[in-house]
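[1] predicted model and sequence below, questions to follow.
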Amino acid sequence: MKVPPKPSTSEAVMDGKAERWVLKLYVAGETPRSLAAYDNLKRLCEEQLTGHYTIEVIDLLKYPRLAKDDQILAIPTVVRKLPPPLRRVIGDLSSADRVLVGLDLRPQG
Amino acid sequence: MESESAKRRTVEAVRSRHLHKVRTGIQGLDELTEGGLPKGRSTLLCGGAGSGKTLLAMEFLVHGVKEFEEPGVFIAFEEQIAELAENFASLGHDIDSLVAQGKLAVDFVDVSRNELGETGGYDLGGLFIRLEYAIDSVGAKRVVLDSIEQLFSGLDNTAIIRAELRRLFHWLKAKGVTAIITAEQGDGALTRDGLEEYVADCVILLDHRVTAQTFTRRIRVVKYRGSNHGTNEFPFLIDEGGISILPITSMGLKYEVGTERVSSGIPRLDAMLGGKGYYRGASVLVSGSAGTGKTSLAAHFAQRSAAGGERCLWLAYEESSSQIIRNMRSIGVDLMPAVKSGLLQLQAVPPTMYGLEMHLLTTHKLVKEFNPRCIIMDSISNFTSIGSEIEIKGMLMRLIDLFKMRQITSMFTSLTVGEAFVEASSTKLSSLMDSWLLLREIESGAERNRVLHLLKSRGMAHSNQIREFLLTDHGVELRDVYLGSSGLLLTGSSLLVEKAREQALAVAGKQEAGTKKRELEYRQQAIEAQIAALRAEFEIERLKALKIDAQDEERDTVLTGDRVQMARQRQADAVKGKRATPRTSGGSR
């Protein structure tokens, strides 16, 4: 790990032809756990969904209202907004297999 | 009395300085906890499903907003907000409008596991953020978490949940909000998931059970750190007005008593009761076997009360109100005007409709709403079908306490079966009662007649005499009973017969006495005559005796004279001088 990415920045790698994935990562400040979660998620997405995903990092300390609106209980939480159905996984996403199952991440064919 | 209540206030003031409390505003709960829940702390509210936890917690918030200007936050873990609002609308609480006014924040935390996967470490930061956001958005002083243990069913990592719960309760305390945490009751433990371990300041247990086919809710303060609290179970009621718990402040025999009297409605009975009637606020037991006139006695009391412009509540447990009115009209007591004027409320309550506690509570409510000066419970014997004697006594004790607090004169009728049972069964109740009237039937001469005993009447000189109790077409009448010459209590027609007989006897006796007197007079006269005769006889005898004396003397003189003459004849000269003396003496006679 070189430079830790800023969790609040959103990153989009778009490709016109494939299905678009929108993932939201809810954190509360830059804690080691939220940074780890971001790294883990990013790595998995790169492996599985290269170029077809968006990770939106939401810092609930800045937007506390969103915790209610998006039904966030635990931190960190990653929510698969698109494609439906809505799915969520909590934790630092340290187990790749569980994240893949939880978010039902499939490589794009 | 004055100083005692002042003292109590001081004690309460001192206590409240030590531990600040937040009034819940829930009927009876503040009395139970002696002032409310611990301020700035969390209270654990546990109970089974459907025991009223959510309702109590929500009422805590609604009262806070409406009565104490304390905004609140409701975090729901079980019910959707729409359902919640719907449930509370039926209790007259408009959750949505309170939310719109910014006085209440409601948040539903969905912990259903179906769309949740866990991987690696996490915390419940989302919950904290939501809670803080809600608290800050309305400036909440009161918080409810209902019920937070849902976390255990939604999340797998209990170690994390426990650590987070501990953090949460610390956080709540630091935040200074007064919170209610609800939890499901567990088997043999207060809560299923051991939440009592975290919330140690105050624990309240709600319970509901069915005994004798009646449903009763109860509440108990299991623990209240640093405070006195009622430790018993207290029944509570959920109805259209929300929760009401039976207040317990009254359970201390601390009421003040006056000397004002209340007429029983029957002048002769008032006369027996020290000439003035019952004390205001007294409890009066009227016991008697079937058909002895208990209800009639009550009707007089009710009528008298209404006539004096005082409200009277009549709880009828065995007759409908129209039946009572009809029956009482037959003895010339018309209750209709009193009912129409609104001063008499005749409330027919089927005793088995609900449990004792519910009766207690509904009576409480009725008393609060109607605010009567007199109350009649006719008859309390009907409670035996829904409770044991101890339970009934307990209920009556609380009721009487309430009545006394409010200076309500109460009359309880009680049915007794069989003579031996009369006093035995009522003794248990009698200790609660200030006055006890016993109606009995006396069977004699092929008739049953009613008599009234005033068995006791605290605090007044009262008659110990039995009165005959008559139900006439102009109401109840009391008459002196008559102890005939035979020493037996006489009532009814045998009384009349006996009276006539005694009168005849008296006349005959008078005549006889006259005759005797005359006889005596005659005898006296006869004796006096005898005495006179004897006296006359005596006089004759005396005269006779005197005569004899005189004759004797004469004879002596004559004899002496003879001797002188004889001597003279014998020697005339020798006795010449001597002869002169006897002659002188003899001449003087």
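    Perfect, I can see it now.
[2] CA atoms for contacts and neighbours, from now on please.
    Noted.
[3] separation between residue B:109 and chain A?
    With distances taken as C-alpha to the nearest C-alpha, to the nearest Å, residue B:109 is found 7 Å from chain A.
[4] would you map the helices across the stretch 151-300 of chain B?
    B:158-175, B:267-272, B:294-307 (DSSP state H, counting those that start in this stretch).
[5] what lies in contact with the shortest one?
    This points to helix B:267-272. B:263-264, B:276-278, B:454, B:462-463, B:477-478 (C-alpha atoms under 8 Å, 6 or more residues apart in numbering or on different chains).
[6] ok, and for that helix, which residues are buried?
    B:267-270, B:272 (16 or more other C-alpha atoms under 10 Å in any protein chain shown).
[7] and chain A, which of its residues are near chain B?
    A:28, A:33, A:60-61, A:64-65, A:67-68, A:71-76, A:86-95, A:98-99, A:102 (C-alpha under 8 Å from any C-alpha of the partner chain).
[8] hmm, back to that, any chance of the buried residues of helix B:267-272 in JSON lines, plus pLDDT and distance to residue B:146?
    Putting the buried residues of helix B:267-272 into JSON lines (pLDDT from 0 to 100; distance: C-alpha to C-alpha, whole Å) gives the following:
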{"residue": "B:267", "pLDDT": "89", "distance to residue B:146": "61"}
{"residue": "B:268", "pLDDT": "88", "distance to residue B:146": "63"}
{"residue": "B:269", "pLDDT": "89", "distance to residue B:146": "59"}
{"residue": "B:270", "pLDDT": "90", "distance to residue B:146": "59"}
{"residue": "B:272", "pLDDT": "87", "distance to residue B:146": "61"}
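[9] if we can go back for a sec, pick the most buried one from the helices of the stretch 151-300 of chain B.
    Most buried of the helices of the stretch 151-300 of chain B by mean neighbour count (mean count of other C-alpha atoms under 10 Å in any protein chain shown) is helix B:294-307; its value is a mean of 23.
[10] helices or strands up against it?
    Here helix B:294-307 touches strand B:283-288, strand B:312-316, helix B:336-340, strand B:374-378, strand B:409-415, strand B:475-480, going by 3 or more C-alpha pairs under 8 Å, 6 or more residues apart in numbering or on different chains; DSSP states H and E.
[11] next, the angle strand B:312-316 makes with that helix.
    160 degrees (axes from the mean of the first three to the mean of the last three C-alpha atoms, to 10 degrees).
[12] tell me the mean pLDDT over helix B:294-307?
    The pLDDT scores in helix B:294-307 average 90.
[13] same deal with stretch A:46-59?
    88.
[14] JSON lines for the buried residues of helix B:267-272, including distance to residue B:186?
    Formatted as JSON lines, the buried residues of helix B:267-272 follow (distance: C-alpha to C-alpha, whole Å):
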{"residue": "B:267", "distance to residue B:186": "61"}
{"residue": "B:268", "distance to residue B:186": "62"}
{"residue": "B:269", "distance to residue B:186": "58"}
{"residue": "B:270", "distance to residue B:186": "58"}
{"residue": "B:272", "distance to residue B:186": "59"}
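[15] among these, which one lies nearest to chain A?
    residue B:270 (71.6 Å; C-alpha to the nearest C-alpha).
[16] for that closest one, give its distance to residue B:296.
    Relative to residue B:296, residue B:270 is positioned 16 Å away (criterion: C-alpha to C-alpha, to the nearest Å).
[17] what's the answer for residue B:201, then?
    Separation of residue B:201 from residue B:296 (C-alpha to C-alpha): 54 Å.
[18] next one: residue A:60
    75 Å.
[19] how about residue B:329?
    10 Å.
[20] kindly report the same for residue B:139.
    Taking C-alpha to C-alpha, one finds residue B:139 at 61 Å from residue B:296.
[21] also residue B:476?
    For residue B:476 relative to residue B:296 (C-alpha to C-alpha), the value is 7 Å.
[22] what residues are bridge-paired with residue B:375?
    residue B:313, residue B:410 (DSSP bridges).
[23] show the pLDDT at it.
    According to the model, residue B:375 carries a pLDDT of 94.
[24] for residue A:107, same thing?
    So residue A:107 comes in at 64 (pLDDT).
[25] next one: residue B:191
    pLDDT, residue B:191: 80.
[26] I figured it was touching residue B:181, is that so?
    No: using C-alpha atoms under 8 Å, residue B:191 is not in contact with residue B:181; the gap is 11.1 Å.
[27] the two: which is more packed in?
    Higher neighbour count among residue B:191 and residue B:181: residue B:181, with 25 against 22, using other C-alpha atoms under 10 Å in any protein chain shown.
[28] contact partners for that one?
    Residue B:181 neighbours (C-alpha under 8 Å, 6+ apart): B:42-45, B:144-148.
[29] please indicate which of those has the highest neighbour count?
    Neighbour max across the contacts of residue B:181 (other C-alpha under 10 Å) = residue B:45, 30 neighbours.
[30] that residue is in what secondary structure piece?
    strand B:42-47 (DSSP states H and E).
[31] need the longest helix for chain B.
    helix B:492-570 (DSSP state H).
[32] follow-up on the earlier one: pLDDT check: weakest of the contacts of residue B:181?
    For those, the pLDDT minimum is residue B:147, 82.
[33] can I assume it is in contact with residue B:74?
    No: if you go by C-alpha under 8 Å, residue B:147 and residue B:74 don't touch, sitting 10.2 Å apart.
[34] ok, back up a step: pick the most buried one from the helices and strands packed on helix B:294-307.
    The most buried one of these (mean count of other C-alpha under 10 Å) is strand B:283-288, showing a mean of 26.
[35] shared neighbours of residue B:476 and residue B:296, which are they?
    Common neighbours of residue B:476 and residue B:296 (C-alpha under 8 Å, 6+ apart) are residue B:331.
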